[in-house]
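1. predicted structure and sequence below. I'll ask about it afterward.
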Amino acid sequence: MNSGTSDSLRTGRVPAWATRPWAARSTPGCIASADTSSPGAREVAALGVDSRTRVLDVGSGTGLYLDWWQAAGAGHVTGSDLTPAAVTRLRERFGTLRIEEFDVTAGPGPFEPGSFDVISCMDVLFHITDDELYRSALASVAALLRPGGRFIFTENFLNRAPDRSEHQVNRSRQWITRELARNGLRLERRTPSLVLMNAQVDAPWWWRKAWGGLLRVLTLTPPTGWATGALLYPLERVLTRVLSESPTTELAVAERV
């Protein structure tokens, strides 16, 4: 649990609680959660995905969201990733799906403009540290979506000044909303993806330090990490349903206008 989404992104260490089977597929805010009451599942249900829906997943990685989009009933699912190695692995695993090497910051790539109904981009945007490249990524998304299509993504939406580091930038809600609009993407809604089971990037500094330190202590060993996750998970489910904003990552939906 680091300054964004996953401790493994910064240190290569996976938090102990995340290795539990229930955590791997049921984190409350995860769009790929098996929990149908999760924010991600609720948002995707609202999109009305069916056998005609054309979905592009940006930054597919291991294919978690490709699995989920197929399970959700999307009839045409396309995966993409920045690295050739990831593309090769995805093609080996998803033999029937179209998988392309794609840099979302460098234009539409191999895809036809307006050819997708939904584009997902999970835990990617805040790792684009250059603001101009971030804007280019939004322009690519807008170009690939049909009018009325939806962009579903995760971001940190700070209610304070941006927080910049070498590998991650947590940008402000105002900045993100403005740049979406400039690219023809109207932010429709945001919902907490996680609340306690992640770094508190949009909380007061003293809470960020206190909660982050406590979690690091509690997740030092697999047994304590598993216990921490098991205890937090029921509370996390409730908080993601009742809160309108999160001190950490949020799931957002924008419409192509």
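-> Received, thanks.

2. what strands line up against the helix or strand in which V118 is found, and which way round?
-> Secondary structure from DSSP states H and E places V118 in strand 116-121. Strand 116-121 has these partner strands in its sheet, going by DSSP bridges: strand 54-58 (parallel), strand 145-155 (parallel).

3. those strands into CSV, with extra columns for mean pLDDT, distance to D81 and mean neighbour count?
-> (Each C-beta comes from the backbone N, C-alpha and C, glycine too.) As requested, the strands paired with strand 116-121 are arranged in CSV below (pLDDT from 0 to 100; distance: least, Cβ to Cβ, whole Å; neighbours: other Cβ atoms under 10 Å):
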stretch, mean pLDDT, distance to D81, mean neighbour count
strand 54-58, 98, 8, 25
strand 145-155, 97, 16, 21
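
4. chain center to the strand holding V118, what's the gap?
-> Put simply, strand 116-121 sits 12 Å off its chain's centre (Cα atoms, centre = their mean, to the nearest Å).

5. what is the mean pLDDT for it?
-> Average pLDDT, strand 116-121: 98.

6. hmm, back to that, nearest approach to S172 belongs to which of the strands paired with strand 116-121?
-> Nearest of those to S172, taken as Cβ to Cβ: strand 145-155 at 10.3 Å.

7. pull the residues that contact the closest one.
-> With contacts defined as Cβ atoms under 8 Å, 6 or more residues apart in numbering, strand 145-155 is touched by 5, 31, 43-44, 47, 114-126, 141-142, 171, 176, 185, 188, 193, 249-257.

8. among those, which are in helices?
-> Members of the contacts of strand 145-155 lying in helices (criterion: DSSP state H): E43, V44, L47, V141, A142, I176.

9. quick one, which of these are buried?
-> E43, V44, L47, V141, A142, I176 (16 or more other Cβ atoms under 10 Å).

10. any chance of the ones in helices among the contacts of strand 145-155 in a markdown table, plus pLDDT?
-> Putting the ones in helices among the contacts of strand 145-155 into a markdown table (pLDDT from 0 to 100) gives the following:
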| residue | pLDDT |
| --- | --- |
| E43 | 82 |
| V44 | 81 |
| L47 | 89 |
| V141 | 98 |
| A142 | 98 |
| I176 | 98 |
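
11. ok, what's across the strand from V77?
-> Beta-bridge partners of V77, as defined by DSSP bridges: V55.

12. contacting residues for it?
-> V55, D57, L66, W69, Q70, L97.

13. change it to 10 Å
-> V77 makes contacts with 49, 53-57, 60, 65-70, 94, 96-99, 118, 120, as judged by Cβ atoms under 10 Å, 6 or more residues apart in numbering.

14. what is the nearest of the buried ones among the ones in helices among the contacts of strand 145-155 to V201?
-> For those, the nearest to V201 is I176 (13.4 Å; Cβ to Cβ).

15. how much space between the closest one and E43?
-> Noted for I176: a distance of 17 Å to E43, by Cβ to Cβ, to the nearest Å.

16. so where's the protein uncertain?
-> Residue ranges of the chain with pLDDT under 70: 1-37.

17. all strands of it, in order?
-> In the chain, the strands defined using DSSP state E lie at 54-58, 76-81, 98-101, 116-121, 145-155, 163-164, 169-170, 185-192, 250-256.

18. need the ones you listed in JSON lines with distance to T219, can you?
-> What follows is the strands of the chain, written out as JSON lines (distance: least, Cβ to Cβ, whole Å):
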{"stretch": "strand 54-58", "distance to T219": "29"}
{"stretch": "strand 76-81", "distance to T219": "28"}
{"stretch": "strand 98-101", "distance to T219": "34"}
{"stretch": "strand 116-121", "distance to T219": "27"}
{"stretch": "strand 145-155", "distance to T219": "21"}
{"stretch": "strand 163-164", "distance to T219": "22"}
{"stretch": "strand 169-170", "distance to T219": "21"}
{"stretch": "strand 185-192", "distance to T219": "21"}
{"stretch": "strand 250-256", "distance to T219": "23"}
